[in-house]
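> need a structure here:
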Amino acid sequence: QVQLQESGPGLVKPSQTLSLTCTVSGGPITTSKTYWSWIRQPPGKGLEVIGRIKSSGNTDYSPSLKARTSISRDTPKNQFTLQLSSVTPEDTAVYYCYAIVIDGGSRDYWGQGTQVTVSS
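Down below sits the predicted model:
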């Protein structure tokens, strides 16, 4: 059973870089046919996919956030990270890490989410 846990600061100042880490347990982050994503939900709004890193290490980003986003992984630590630069109060949201395994069927897993507020 894969488990995901987000960690990082809950308060970030405008113009700074938001950095979050997702620690994965129950399986290696290099497991094939697995996609590791960051998703957020601003207050009063729906879920928004920020981007993902594949088991190959390749990344995909939301076009609207691509210029400010970087997703990477630390294989020895079994973690993947999100960096979102030049944040504004509009980046205030609950941030989730998410994994989906597609191998004939599909199984997905969510972290519990972490609140990040952008404020001076």
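
> what's the burial count for Gly10?
8 (other Cβ atoms under 10 Å). All C-beta spots, glycine's among them, are computed from the backbone N, C-alpha and C.

> quick one: contacts for the nearest residue to it once chain neighbours are set aside?
Distances taken as Cβ to Cβ, 6 or more residues apart in numbering place Gln115 nearest to Gly10, at 5.7 Å, with adjacent residues excluded. Going by Cβ atoms under 8 Å, 6 or more residues apart in numbering, Gln115 touches 10, 93-95.

> how far away is the residue lying farthest from the centre of the chain from Trp38?
Within the chain, Gly104 marks the point farthest from the mean C-alpha position, 24.4 Å out by Cα atoms, centre = their mean. From Gly104 across to Trp38, the span is 26 Å (Cβ to Cβ, to the nearest Å).

> And for Ser62?
Relative to Trp38, Ser62 is positioned 10 Å away (Cβ to Cβ).

> Ala99 too?
Distance, Ala99 to Trp38, by Cβ to Cβ: 11 Å.

> try Val116
11 Å.

> Give me the most central residue, this structure.
Centroid-nearest residue in the chain: Trp38, 2.4 Å away (criterion: Cα atoms, centre = their mean).

> That one falls within a strand, correct?
Yes: judged by DSSP: H, G, I helix; E, B strand; the rest coil, Trp38 forms part of a strand.

> Identify the bridge partners of it.
Taking DSSP bridges, one finds Gly51, Cys97 as the beta-bridge partners of Trp38.

> right, and it touches Thr59 too?
No: assessed by Cβ atoms under 8 Å, Trp38 is found out of contact with Thr59, at 10.6 Å.
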